[in-house]
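> Whatever this is, show me its structure:
(2 chains)
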Amino acid sequence: MKKTWKVLFSRKVTMIAALFIVALILTAVFADFVAPYGYNDQDLRQRLAPPGAAHLLGTDNYGRDVLSRLIFGSRISLIVAFVSVVVAGVAGSLIGLIAGFCGGVVDGILMRLTDALMTFPTIVFALGISAALGQSTFNLILAIGISTIPPYIRTIRGEVMKVRNQTYIKAARVTGNSVPRQLLVHVLPNCVAPVIVTASVGLGGAIMTEATLSFLGLGVQPPATSWGIMVSEGSDFLTTAPHLALVPGIAIALVVLAFNFLGDGFRDALDPHVRGNL
Amino acid sequence: MSEHILEVKQISTEFRMKHRTTYAVNGVSFYLDRGETIGIVGESGSGKSVTQMSALGLIESPPGVVAEGSVLFEGMDLVKQENKKMLHEIRGKRIAMIFQDPMISLNPTMTVGQQITETICEHLKLSREEAKKRAIAYMKKVKIPDAELRYDNFPFEFSGGMCQRIMIAMAMCCDPSILIADEATTALDVTTQAQILEMLQDIVKETNTSLIIVTHNLGIVARYADRIYVMYGGTIVETAETDELFAHPSHAYTIGLLNSVPRLDDSKERMLMPINGIPPTLHKKPERCPFYDRCTQRVERCEKEAAILHEVGAHHFSSCLNPCLDASLKTCDELVEKEIDWSDTVLKVEHLRMDFPLYRGSLIKKRIGTVRAVGGVSFEVHRGETLGLVGESGCGKSTVANCIMHLLKPTEGRISFLGQEVTNLPEKEFRRLRKDIQLIFQDPFSSLDPKQTIGEIVGEPLRVHGLTSGEKEYRERVTELFEMIGLDPELQSRAPHELSGGQRQRIGIARALASRPKLIICDEPVSALDVSVQAQIMNLLESLQQRLGISYLFVAHDLSVVRHISDRIAVMYLGKIVELGDWKALYESPLHPYTRTLLSAIPIPDPVVERARERQKALGDIPSAASIPSGCSFHTRCPYATEKCRAQEPAVTVFEDGHQVSCHLYAERGGHA
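Below is the predicted model of the structure:
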C-alpha cells in the first residue's frame, strides 16, 4: 500500500490534480469563512458587474457575487458527486460480487438486468428518475447514483470471477471460512482496485451530470446554488455578461479533468505491471 | 584444442532498469566441442538461461545489454555488431534452441507440419515438396507415430510430450551444429521426460550435433552430459567432466546442492542438508564469491578475495577458495523411530470414484463423455503415519486430495475421517471438521491472500474456528507458530509478496498447523521450490510430524522426494492405485511394471550409480483420462502386456507383508483381497 501511494504521487499531473481537489474540498467545507459574500446577498446596484476589485469574478443579474456563489455552489456539486458515487459504488460492488461469486443463473439474470440498464444513456435515465421522484437534492443523488451503477457491476464481477479461482480462495475455504467471510475478507479486498479507478473517474462524470440536470431545472432548486444552476442562469446573459456561464463552466471542466487525472494515476499505481517498471 | 565449435569468453549481461541495474551474468566462459553434450546446472536466477540468450543475441534490449565478452561460433564473434546480420541466419539453422513450454512455443493456428516445413524452406531454400518430405522424415526421427497423417494436425491435438518432440523436429530439421535445450523437459512428466531425453541423445549422437542441456536437475546432467558447468549468482562456480564432478565436487555450492537433493537410492539415515538463506539479488557487481552469504564452509580468504576459477584437477575448475572442503553426504547418527499407531485409522478412503462429465454446447449442453479422474481408490492413513500418493500428472492424485478436503463431491465411495463418515456431510457441518484436516498447497505464491499480512494469514484458522480466547492468547499462539516454522515473529506485519518462495511455503505450513489438525494433506508442497529450498521444507515437515504426531497424506509426482518422508507409498496410474506398500519394499523391490518404469525414469545425481542401473522404459504416451484403456489400464505402455491384460482388469493381490499390487503377473503368488 505504501508503494501505491509513492507511485501515485511520483507523477506531477496526479500530484497537481490531487492538490487541486483537496483545495476545492477545503474551500467548500470552510465556505462561510472563505467566501467574501453570502451566496444570496443581493446588491441590486451592482447587477451584472464584470470581474473587478470588489467582486473578483463579477456579479450576476441580482447583483450576487459570482465567486461566493461558486464556492457555496461547490458544496452541493461535491456532495452530490461524492454521495452518488458512493451509492453507485457500494450497490454496484455488492451486485457484482454476488453475480461473480454465484455465477450460473443468478449471474445471468443480474447481468441481463445490468445490460438493460446500460442501454439507457445516463442523462436520459437520470432525467427519468428525477422527473418521476420529484425535485430534491436527495432525489438528484439517487438519480445519478442509480444511473451510474452498471460500470461498477461489470468491473467488480470481472475481478471476482478472476479472484474466485485463485488458490488463496480455495485456501480460505479449506481453512474453514464461511461463505460471507470468504467474500468479505478475501474476495472483496482483492477486487477493489479497479473500483477505485472507476470511482475517481466517475466523480468527474457525476459533477457533470449534476450540472446538466440542474441546468435543465431538474436538480437543485434556487435560491440554493450549484455549478449547474449557475451555468443555467448565466446562459441567459451569454452576450451581455459571458463570465456568468463561463466561470462555473470552467470550474466544472477543471474538476472533471482533475478527477480523470487522479483516476489515471490510481490505475497505474494499482497496476502491478506499471508499478514494477517504475 | 582451438577446435571448439562454440566458445563463450567472459560474457557479462546487465539489465539496466530505471532505478537499478541487475548484473545477471558476470564473466561467464564456457566452450563446446563438436558432438559433445554439456550440462549447465543452476537454480532459478543463477543466470543459466540469460547466458544462453546472450550468446545467441536474444536478450531484449533495452533493458538488457551484453556489456562485455565475446561469443565465438566457428571462429566468428557473434557479439560484434558487424556480425549481427549473420546471427539471424545462424540462429535456427546452425544453432537451434528448444524451450521449456512446447505448448506456447508452437503457433496454435498452423498445423505442425506447416510449421516444420516453413522452417526448412526459410533456412534451406528447398521446394515445398522436398521440404515436406524432409519434415515428415524428421517427425519420424523424433518418433511421432503415423507421421504422414499427423503432419496435418494442429498443436492442440498433441500431448505436451508430443509437442516437445515436434519442437525438437523443428530444431533439428536444418541439421544444426548446436542444439540448446533450455529446461526442455521440466514441464513434462518423468516418464515422458526420460523418453524425450533418451530420444534427444540418440539423435544428437547420430548426427554428431553438440548439445547444451540447461537445467536445474542434477540427475539429468548426471545421466546425459559429458561435461558440466555449475552456475550460481551469475557466474560459473565449478566445471568438470561429469564423473569427476560428482566424484570430487570442489565447490561449496556444488556440495551443498548435492547434499540438499533427495536421491532415489538414499537410505533413511541420510539427512537432507538445506542451503540456508536466499540467492543474491545481483543488484551490485559481486566482489567476492556470490555464495559467500549462504556458505557453511567459507574461510577467511573468501571475505576479501574475488573468487576466480582455478584448476583443481584434470579439466576440473572451481572458484572455491576453501582448500579442504567436506564433500560427504550427511547422515544422522541414529534414526528417530516414528510413533505410528497402526490401530488408529485417521483417514479411510473406500472405493472412491470421481467422474467429470464432458459437455458440448453453451446454451443447450449435451453430455458427450466422461472423464474418469479417479476410478475406485481405497487406502488408509494411520495416526502419525505419512502415506505418499505418487503418480504423473492426470493420474487423479489431486482429485483424491480435493475429494477428501470436501472441495469436490465424489461420484461414489466413502471417506471416513476419525471414524466418522464425511462423504455426504453438508458443507456447514463439515466446516467444523476442517480444523482437524488441513491442506498445504503446491504454489506458495497464489495460495496466500495478497491483501493480508502473513500474521493474519497464519492466525486466520484461530479466528475462524474461535480457537483462542482473547487477543493475548491469539498473539501468543501466532508467535508460537512462527517460531515453530522457523520464521522471525517480527515479520508478522509483512505482506506475502515481500517473502521468498520458501518463506511463503513456511507460512502455508504454519496456517495448516494453526488449528492443531490431526491430518495434513500436502499437495505437492515442494515442487514449485528450488532444490536447495526443497530440503528445508521437507526437513521442517518431518520434524513437525515427530513433534506433533500429525498424519500426512503426501501427494507428489517425484518419487525421490516422497522417499524421505513416507512410511508407505501408493502409486497411482490413470485413477487407480496400482501398487501400495511399505517404502522400503516399494523402492527396493517394486512389483508393478509401472512403478518400475517410474523409478527408472528418475535420474540419480551420480553418474556411476546411473550407469549401473537397470532401466525399464515405458512405451508411448499416457492415454487420456477420457478414454481409459480396457482391462489393465497400463497395458498400452507395458512391456509385459498379454492378451489377458487387454481383456481383464487385474484384481488386487495382497502379500503377507501388506504389499498390494494390481497386476496379472503376480496374481498367482499372493492371496486375493
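> Under the pLDDT cut-off, which ranges of the chain? List them.
Reading this off chain A. A:1-4, A:271-278 (pLDDT under 70).
> um, chain B though
B:1-2, B:332-336, B:361-363, B:668-673.
> So residue B:441 sits against residue B:526, correct?
No - using C-beta atoms under 8 Å, residue B:441 is not in contact with residue B:526; the gap is 11.4 Å. The way it works is simple: take the backbone N, C-alpha and C, and place the C-beta from them, glycine included.
> Look up how far chain A lies from residue B:317.
Noted for residue B:317: a distance of 37 Å to chain A, by C-beta to the nearest C-beta, to the nearest Å.
> same deal with residue B:26?
24 Å.
> and that residue, which of the three is it?
strand (DSSP: H, G, I helix; E, B strand; the rest coil).
> What sits closest to it if chain neighbours are left out?
Nearest residue to residue B:26, sequence neighbours excluded (C-beta to C-beta, 6 or more residues apart in numbering or on different chains): residue B:234, at 4.6 Å.
> Tell me how many other residues surround the one you found.
28 (other C-beta atoms under 10 Å in any protein chain shown).
> who's in contact with it?
B:23-26, B:28, B:46-47, B:50, B:282, B:286, B:290 (C-beta atoms under 8 Å, 6 or more residues apart in numbering or on different chains).
> need those residues in JSON lines with neighbour count, can you?
Converted to JSON lines, the contacts of residue B:234 look like this (neighbours: other C-beta atoms under 10 Å in any protein chain shown):
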{"residue": "B:23", "neighbour count": "23"}
{"residue": "B:24", "neighbour count": "22"}
{"residue": "B:25", "neighbour count": "32"}
{"residue": "B:26", "neighbour count": "22"}
{"residue": "B:28", "neighbour count": "24"}
{"residue": "B:46", "neighbour count": "28"}
{"residue": "B:47", "neighbour count": "26"}
{"residue": "B:50", "neighbour count": "24"}
{"residue": "B:282", "neighbour count": "21"}
{"residue": "B:286", "neighbour count": "18"}
{"residue": "B:290", "neighbour count": "24"}
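> Tell me the residues of the stretch 151-278 of chain A that contact chain B?
Residues of the stretch 151-278 of chain A that fall close to chain B, judged by C-beta under 8 Å from any C-beta of the partner chain: A:166-168, A:170-178, A:181, A:186, A:189-190, A:277-278.
> residue at max distance from the center of chain A?
residue A:174 (39.7 Å; C-alpha atoms, centre = their mean).
> thought that one was touching residue B:405?
Yes - Residue A:174 lies in contact with residue B:405 (C-beta under 8 Å); the separation is 5.7 Å.
> Overlap in contacts, the two.
residue B:439.
> Residue B:69 is in contact with residue B:27, correct?
Yes - contact status for residue B:27 versus residue B:69: in contact at 7.2 Å, counting by C-beta under 8 Å.
> list residues touching both of these two?
B:10-12.
> Excluding sequence neighbours, find me the nearest residue to residue A:221.
Residue A:221 sits nearest to residue A:135 (C-beta to C-beta, 6+ apart), 5.9 Å away.
> Please report how far that neighbour lies from chain B.
42 Å.
> Checking my notes, that residue in a helix, right?
No - looking at residue A:135 with three-state DSSP, it is coil, so not inside a helix.
> need the contact list for it.
With C-beta under 8 Å, 6+ apart, residue A:135 has these contacts: A:217-219, A:221.
> cool, residue B:442 as well?
Contacts of residue B:442 (C-beta under 8 Å, 6+ apart): B:523-525, B:527-528.
> Once you drop chain neighbours, what's closest to it?
residue B:524 (4.0 Å).
> Kindly present the shared contacts of residue B:27 and residue B:69 as TSV, with separate columns for distance to chain A.
Conversion of the shared contacts of residue B:27 and residue B:69 to TSV gives the following (distance: C-beta to the nearest C-beta, whole Å):
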residue	distance to chain A
B:10	30
B:11	26
B:12	23
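> how about the helices in chain A?
Secondary structure of chain A by DSSP state H: the helices cover A:2-8, A:12-29, A:31-34, A:66-102, A:104-119, A:122-133, A:137-147, A:149-164, A:167-175, A:179-181, A:192-215, A:227-234, A:243-270, A:272-277.
> Test my guess that residue B:239 contacts residue B:229.
Yes - shown here, residue B:239 and residue B:229 form a contact pair, counting by C-beta under 8 Å, at 4.6 Å.
> before we move on, the earlier item: can you tell me which of the helices of chain A is nearest to residue B:316?
Closest approach to residue B:316 among the helices of chain A (C-beta to C-beta): helix A:272-277, 41.1 Å.
> Neighbours of residue 117, how many?
The chain I'm using is chain A. Residue A:117 has 16 nearby residues by other C-beta under 10 Å.
> wait, I meant chain B there
That count, for residue B:117 with other C-beta under 10 Å as the rule, works out to 25.
> helices or strands next to the host helix or strand of it in the packing?
Residue B:117 belongs to helix B:112-124 when assigned by DSSP states H and E. Judged by 3 or more C-beta pairs under 8 Å, 6 or more residues apart in numbering or on different chains; DSSP states H and E, helix B:112-124 is in contact with helix B:84-93, helix B:128-141, helix B:160-172.
> Give me every residue in the stretch 451-600 of chain B that's in contact range of chain A.
So the stretch 451-600 of chain B meets chain A at B:451-452, B:460-461, B:464-465, B:508, B:511, B:515 (C-beta under 8 Å from any C-beta).
> Most neighbours of all those, which one?
Neighbour-wise, those (other C-beta under 10 Å) top out at residue B:508, 29 neighbours.
> Just give me the longest strand of chain B.
strand B:341-360 (DSSP state E).
> Give me the sheet partners of that strand and which way each runs.
strand B:366-383 (antiparallel), strand B:412-417 (antiparallel) (DSSP bridges).
> any chance of those in JSON lines, with mean neighbour count and distance to residue A:230 too?
Below are those laid out as JSON lines (neighbours: other C-beta atoms under 10 Å in any protein chain shown; distance: least, C-beta to C-beta, whole Å):
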{"stretch": "strand B:366-383", "mean neighbour count": "18", "distance to residue A:230": "63"}
{"stretch": "strand B:412-417", "mean neighbour count": "18", "distance to residue A:230": "71"}
